[in-house]
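> Here is my input, please return the structure:
(one chain, ligands or ions: 1)
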Amino acid sequence: MKLIDSIEKIKGIGPKKKKEFKKMGIETIEDLICFYPRTYQDRTKIKKISDCRDGEYTGIIAKVIGNGMNIRVNNRNLIITKVSIENNGVIGEAIWYNKPFMKNILKIGKKYYLYGKINKRFYRIQIVSPDYKIIEDQKFIEPEILPIYSTTSYLNQKEIRRYVRFTLDEMKGNIQEYLPDIIRKKYRLCEINFALENIHFPKDKEHYKIAKKRLIFDEFFSIQMALFLIKEQNKQQEKGIILKSTLELEKFIQQLPFQLTNAQNRVVEEIKKDFISGKIMNRLVQGDVGSGKTIIAAISLFIAYLNGYQGAMMAPTEILAIQHYVTLEKLYKNFGIRMLLLTGNMKPSEKKESIKKIRKGEVDIVIGTHAIIQENIEFFKLGLVITDEQHRFGVKQRAQLSNKGKNPHIMIMTATPIPRTLSFILYGDLDISIIDELPPGRKKVKTYQISSNLEEKLYSFVKEQIQMGRQAYIVCPLIEESENMEAYSITTLAQKLKKKYFCTEKIELIHGKMKNTQKQEIMQQFKQGNIDILLSTTIIEVGVDVPNASIMVIQNAERFGLAQLHQLRGRIGRGNSQSYCFLVTNKNNEIVNKRMKTMTDTNDGFIIAEKDLMMRGPGDFLGVRQHGLPEFKIANIFRDMNILKMTQKACKEVYEMKEKSTLEEYILKKFEKKLDQVILN
Ligand SMILES: Nc1ncnc2c1ncn2[C@@H]1O[C@H](COP(=O)(O)OP(=O)(O)OP(=O)(O)O)[C@@H](O)[C@H]1O
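From the prediction side, this is the model:
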């Protein structure tokens with residue numbers, strides 16, 4: 001029997017059962033062995049009937065003291081079987097539903113071990129649908145811990161247990177240990193065969209703990225190692241384009257309207273180093289909202305340009321693409337760089353012309369949405385692709401990026417802070433640079449949770465601030481599904497605000513239903529200070545940069561996740577004046593209050609991300625499918641953080657070991673499925 005064999009090799013599994021197992025994702029011997037129990041029946045736990053608590057699962061040893069009875073419940077098509085039992089002078093009963101045959105199975109006068117759920121009814125103790133085992137001739141049963149699997153109604157626990165037992169016996173000691181001894185010793189990990197045996201049939205709790213640790217380690221290790229190998233392979237596979245920095249770059253940096261922060265300088269140095277390393281750069285630049293990532297992109301694209309290469313930069317929305325275009329155009333004003341904005345909104349003839357220019361090399365820098373990689377656009381000489389990711393790319397899409405042109409350097413920018421532990425799993429294939437410093441002069445945004453009955457006070461404060469020359473955002477969540485409703489609900493709010501509070505201020509709306517040109521015009525007007533209040537749906541959430549805007553009012557704040565609230569708040573506090581964020585909510589429950597408190601307590605995106613992760617769990621935090629975060633069978637990123645950290649170290653150590661070549665092959669094969677999971681997302 002081999003791990004890759006079909007489960008049909010197991011005695012008793014035919015086509016019907018095979019189909020049933022397939023529903024549970026089990027097709028091979030390996031799948032079955034790695035189908036870990038959901039929980040366990042602890043048969044070492046034996047209680048007296050008198051000590052049993054209602055609702056608990058436990059084992060008891062009891063003597064059958066009466067013949068079984070079948071009771072038919074007429075109107076429910078149900079047969080209840082009851083058997084009277086006794087232990088230590090206390091009488092109880094074992095009951096089963098729709099298993100009339102049980103009546104004759106338990107024999108009067110014999111002692112049994114029974115394991116099941118306890119029900120306390122009318123002072124009578126029942127054990128419901130218990131597993132049973134006869135205790136022969138007063139001999140005490142051997143203690144055991146039995147696995148309980150998640151199963152379909154067709155396959156029962158006993159059957160699955162039997163198949164797993166059979167498979168483990170067949171495979172006994174034959175599963176190849178792939179972790180080097182030295183690593184196992186260092187991290188105190190048991191051998192793989194021992195782990196698999198004891199995760200299914202633990203000898204005792206200690207054995208179970210040891211097995212579990214090893215398998216959690218394996219799960220994290222496999223994914224991280226696979227990503228790590230992709231990273232190393234990427235580096236070795238092709239020759240990276242050499243992009244040198246020249247004096248012209250210094251000139252460019254010196255004429256910027258501000259001095260780079262230390263963090264920005266450090267990241268620029270990391271990128272410069274990649275550019276001349278002869279390897280392809282695959283770098284994630286991570287920085288909190290407003291930390292100044294755009295300038296890093298501008299500098300990197302400038303270096304590509306200096307070396308005669310084209311650069312492309314992609315944004316997640318058109319508003320942002322336009323904003324980047326306008327910002328970069330200003331920065332590059334004196335340097336004769338030919339720029340092009342590519343949007344989905346262009347006329348076909350215009351688009352055709354643009355694509356031609358890109359192919360012929362008549363354009364140096366292309367800015368657009370992700371359509372740049374999705375569409376059939378050929379570059380003349382592409383040296384660098386930058387994408388403003390916002391978590392929307394998995395490993396596979398990243399690979400798509402490098403297929404544009406001849407292995408260009410890749411840079412991914414992300415604003416949403418990702419807890420470090422998670423970023424290893426999501427971005428283990430990338431090098432990571434972190435901008436951990438905000439530009440000087442930024443003041444902490446003051447954040448308040450308020451209920452809507454304080455609206456009048458709130459808007460009079462907003463009015464005062466506007467009179468002082470500031471600008472404000474008011475964000476309404478999309479309450480209805482339809483876009484028409486979206487337009488409607490903020491239009492009505494705008495009318496109310498104009499009439500009641502802001503008769504003299506200039507209010508404009510922006511929402512998803514508008515044409516791009518219209519959105520662009522409004523954003524431009526807001527940026528130039530011609531609009532006082534921008535009433536918006538969440539389309540302004542990502543990346544919008546208007547430093548003079550210092551007020552953010554978020555209506556129905558309870559409808560947003562922490563990460564989104566942080567993004568929204570990140571639209572203010574980008575200039576030197578004091579900024580204020582108001583989270584308006586009438587919901588008053590523990591979860592909402594906890595979330596709002598996190599926002600009012602801190603401005604630090606990393607802390608907020610950790611809290612979000614803690615409150616929602618990693619799946620919800622990033623959306624498992626959407627963000628390429630694999631689902632784990634036994635590991636839990638949160639609970640098992642310590643083991644995760646261990647694997648991060650171990651990956652590097654294992655990789656550096658001599659036996660790496662066989663290891664690589666084996667790991668890649670063994671974890672192909674998981675890798676697929678990661679890559680396909
Ligand atoms: N070193 C600096 N000194 C002063 N201002 C800076 C500096 N770097 C960037 N800025 C300014 O800070 C603002 C925020 O920068 P940018 O838009 O690049 O942020 P970001 O990191 O992209 O943030 P977000 O993720 O929220 O979009 C901009 O107005 C930019 O001009």
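
> Alongside the ligand, which residues does the stretch 401-550 of the chain contribute?
For the stretch 401-550 of the chain, the contact set with the ligand under C-beta under 6 Å from any ligand atom comprises 415, 439, 543, 545, 547. C-beta: built from backbone N, CA, C; applies to glycine.

> ok, the fourth one touching residue 322?
Spelled out, it's residue 545. No: counting by C-beta atoms under 8 Å, residue 545 stays clear of residue 322, with 11.7 Å between them.

> Which one of these two is surrounded by more residues?
Using other C-beta atoms under 10 Å as the criterion, residue 545 and residue 322 rank with residue 322 on top: 23 against 19.

> What are the phi and psi values at that one?
In terms of degrees, to the nearest 10, the main-chain angles of residue 322 are phi -60, psi -40.

> How about residue 195?
According to degrees, to the nearest 10, the main-chain angles of residue 195 amount to phi -60, psi -50.

> Return the residues in contact with it.
Shown in contact with residue 195 (C-beta atoms under 8 Å, 6 or more residues apart in numbering): 210-211, 214-215, 218.

> now with 10 Å?
Contact analysis of residue 195 by C-beta atoms under 10 Å, 6 or more residues apart in numbering lists 175, 177, 189, 207, 210-218.

> what do you get for residue 444?
438, 573, 578-579, 602-604.

> Most widely separated two among the residues you listed?
578 and 604 (17.9 Å; C-beta to C-beta).

> Give me the neighbour count for the residue nearest to residue 415 when sequence neighbours are not counted.
Spatially, and ignoring its direct neighbours in sequence, residue 415 is nearest to residue 289 (5.5 Å; C-beta to C-beta, 6 or more residues apart in numbering). Using other C-beta under 10 Å, residue 289 has 24 neighbouring residues.

> in a helix, that's where residue 289 is, yeah?
No: according to DSSP: H, G, I helix; E, B strand; the rest coil, residue 289 belongs to no helix; its state is coil.

> Does it touch residue 579 like I think?
No: in this structure, residue 289 is not within contact of residue 579 by C-beta atoms under 10 Å, at 11.9 Å.

> Need the overlap of contacts for those two.
Joint contacts of residue 289 and residue 579 (C-beta under 10 Å, 6+ apart) are 445, 569, 571-573, 603.

> Residue 81: which of those residues is nearest?
Closest approach to residue 81 among the shared contacts of residue 289 and residue 579 (C-beta to C-beta): residue 569, at 61.9 Å.

> Which neighbours do residue 545 and residue 322 have in common?
With C-beta under 10 Å, 6+ apart as the test, residue 545 and residue 322 both reach residue 523.

> export the residues of the stretch 401-550 of the chain next to the ligand to CSV and tack on pLDDT?
Formatted as CSV, those follow (pLDDT from 0 to 100):
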residue, pLDDT
415, 78
439, 90
543, 67
545, 83
547, 89
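
> Could you single out the nearest of these to residue 587?
Nearest to residue 587 among those is residue 415, at 26.9 Å by C-beta to C-beta.

> Show me which of the contacts of residue 444 are buried.
Neighbour counting with 16 or more other C-beta atoms under 10 Å marks 438, 573, 579, 603 as buried within these.

> Please identify which of these is nearest to the ligand.
residue 438 (8.3 Å; C-beta to the nearest ligand atom).

> Now do the contacts for that closest one.
261, 263, 287-292, 444, 573-574, 603.

> Which positions in this protein make contact with the ligand?
Going by C-beta under 6 Å from any ligand atom, the residues of the chain near the ligand are 258-261, 264, 287, 289-295, 415, 439, 543, 545, 547, 570, 574.

> Mark which of those are part of helices, please.
Under the assignment DSSP state H, the residues of the chain next to the ligand contribute 264, 294-295 to helices.

> Show me which helix runs longest in the protein.
helix 205-237.
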